[in-house]
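Enquirer: Okay, sequence plus prediction incoming.
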Number of protein chains: 2
Amino acid sequence: MEVSPRRILVADDEPDILEIISYNLAKEGYEMYTAKNGQEAIDKAKAIKPDLIILDVMMPKKTGMEACQALRSMPQFQKTLIIFLTAMSDESSQIRGLELGADDYVSKPISTKVLVSRVNALFRRVTKDDDEKILIFGNIRIDTIKFVVFIDEIEYPLAKKEFELLYLLASKQGRVFLRNEILSQIWGREVIVGDRTIDVHIRKIRQKLGIDCITTVKGVGYKFEL
Amino acid sequence: MEVSPRRILVADDEPDILEIISYNLAKEGYEMYTAKNGQEAIDKAKAIKPDLIILDVMMPKKTGMEACQALRSMPQFQKTLIIFLTAMSDESSQIRGLELGADDYVSKPISTKVLVSRVNALFRRVTKDDDEKILIFGNIRIDTIKFVVFIDEIEYPLAKKEFELLYLLASKQGRVFLRNEILSQIWGREVIVGDRTIDVHIRKIRQKLGIDCITTVKGVGYKFEL
DNA sequence: ATTTGTATTATCAAATTGTTAACGAATTAT
DNA sequence: ATAATTCGTTAACAATTTGATAATACAAAT
């Protein structure tokens, strides 16, 4: 069911390290992005929405810890995995890192083998938790627990199929879902329903929410976008 | 009244996780102990007599579930709180866990914030066991001690099943409970009763209370909402 | 102008829930 | 112990909501 590659953002001020890490994780099939300092890491994270962020502790502009703290304060990065790269082997910095919400840390000098296996291990453990079934995009909140969509804290109840459809699209913001994908994801393998059915549900969502958050990509499918 | 700190035993085969959990719960004032596998957890539990045991499901020597079963069979651990750490999100393992007597679950990857709040909540539940199982929502009061619902200080007596149902829904305000969830929570795992039974009880609650506090989510379930 | 693809609307069938009444089981009162 | 009452469940049917389709309108591309 999971198809798109995991996105990883690495932030370090040493270009060599950036390159080594990127190269090795890309080889593992990850989609790599880089940043040269803490501030850039934050900015890029917002745009890229990575699944994992690797932060060097010592960086100009903003340290890894400051960046981590800033990121964790934003709702959309509350569940994003974060790994610290630290030259310090003393526990105090590691503990501080954990306190700020890091999921793991790797000490310098890095062994690419160690890093890769830690990254893989982290992803292997990712499964949906009850506490993370809520999608937030600015003033829009898609809440699977309450089965309701909020826009500016106002509740918009959707029917089951409508909600499922919206949740599917929003779960990968910006990604275009082919009509086939939508059908098999929501209606199952043995689909009997016709293509028009999707349109009608899309229409109802647009109508009920009153905002333009689903974009039609003619001849291809639909995507969630703001 | 002076209380000795609560003792918590954590068992996991990954030293990092052990450290993260220990650190964060120690910060909360708990007295932490660790074990590297299921067998060690059992041995240490006997010596330490912890108030809460956190067990990773997947461990060498003895799995968390095996350890739980072994502990629960000993009289001195019948009332000890047990939390499972599970990477699995599928119900089957959670259901098995419940059967074995777990008090809660936390899915991996662990958010320390979630874990800490769950632990605190569990202890809160234990202490308030006898004196404060009362839910209050504005002018509505659901009083488990008196087994009665108050609305504006007027008493509305409910039958047992009705009360249990209302309490379940209200215990997680806004959260949708699937019919299956309701059935297994209130009627137990070996459910024989039909689906209409829920409706009828819901109806009686609505009728008796005279207010609209239960919302139907068609095709999904019910939720408590004001 | 024609083709291709999507939007919109109305309509109907199916799925789901609401409601009522009835009846045995469990509980309480006599 | 027996009668009276309450409770939990089910069945039957009504009411409602939902989902799917067809028909038509519209838009863009060729």
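Expert: Nice, I can see it. Residues are numbered from 1 along each chain as shown, chains lettered A, B, ... in the order given.

Enquirer: use CA for all of it now, contacts and neighbours both
Expert: OK.

Enquirer: Please save the CA atoms from stretch A:11-20 in CSV.
Expert: The C-alpha trace of stretch A:11-20 is given here as CSV (Å, rounded to 0.1, in the frame of the first residue of the first chain):
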residue,chain,number,x,y,z
ALA,A,11,21.2,19.1,7.6
ASP,A,12,24.9,19.6,8.2
ASP,A,13,27.4,22.4,7.5
GLU,A,14,30.0,20.2,6.2
PRO,A,15,29.4,19.4,2.5
ASP,A,16,31.4,16.2,2.6
ILE,A,17,29.2,14.7,5.3
LEU,A,18,26.1,15.9,3.5
GLU,A,19,27.3,14.1,0.4
ILE,A,20,28.3,10.9,2.1
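
Enquirer: Can you pull out the residues in contact with that stretch?
Expert: Residues outside stretch A:11-20 that contact it (CA atoms under 8 Å, 6 or more residues apart in numbering or on different chains): A:10, A:34-38, A:41, A:53-56, A:59-60, A:112.

Enquirer: What about those, which are in helices?
Expert: If you go by DSSP state H, these have A:38, A:41, A:112 in helices.

Enquirer: Mark which of the residues you listed are buried, thanks.
Expert: Burial by neighbour count, 16 or more other CA atoms under 10 Å in any protein chain shown: within the ones in helices among the contacts of stretch A:11-20 this picks out A:38, A:41.

Enquirer: of the ones in helices among the contacts of stretch A:11-20, the lowest pLDDT goes to which?
Expert: Ranked by pLDDT, those bottom out at A:T112 (78).

Enquirer: residues in contact with that residue?
Expert: Applying CA under 8 Å, 6+ apart to A:T112 gives the contacts A:20-21, A:24.

Enquirer: returning to what we had before: distance to A:F150 for the ones in helices among the contacts of stretch A:11-20 - can I get that in JSON lines?
Expert: Compiled in JSON lines, the ones in helices among the contacts of stretch A:11-20 are given as follows (distance: CA to CA, whole Å):
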{"residue": "A:G38", "distance to A:F150": "32"}
{"residue": "A:A41", "distance to A:F150": "29"}
{"residue": "A:T112", "distance to A:F150": "43"}
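
Enquirer: can I get the ones in helices among the contacts of stretch A:11-20 in TSV with distance to DNA strand C?
Expert: Formatted as TSV, these follow (distance: CA to the nearest atom of the strand, whole Å):
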residue	distance to DNA strand C
A:G38	40
A:A41	36
A:T112	45
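
Enquirer: circling back: farthest-separated two in the contacts of stretch A:11-20?
Expert: A:P60 and A:T112 (23.5 Å; CA to CA).

Enquirer: Specify which member of the ones in helices among the contacts of stretch A:11-20 is nearest to chain B.
Expert: A:T112 (18.9 Å; CA to the nearest CA).

Enquirer: Report the rounded mean pLDDT for stretch A:13-24.
Expert: The average pLDDT for stretch A:13-24 rounds to 91.

Enquirer: How far away from the center of its chain is it?
Expert: Chain-centre distance of stretch A:13-24: 22 Å, with CA atoms, centre = their mean, to the nearest Å.

Enquirer: Would you mark the buried spots in that stretch?
Expert: Buried, per 16+ other CA under 10 Å, within stretch A:13-24: A:13, A:17-18, A:21-22, A:24.

Enquirer: after the least confident helix or strand in chain A by mean pLDDT comes which helix or strand?
Expert: When the helices and strands of chain A are scored by mean pLDDT, DSSP states H and E, helix A:91-99 comes last with a mean of 53. Using DSSP states H and E, the helix or strand that follows helix A:91-99 towards the C-terminus is strand A:104-107.
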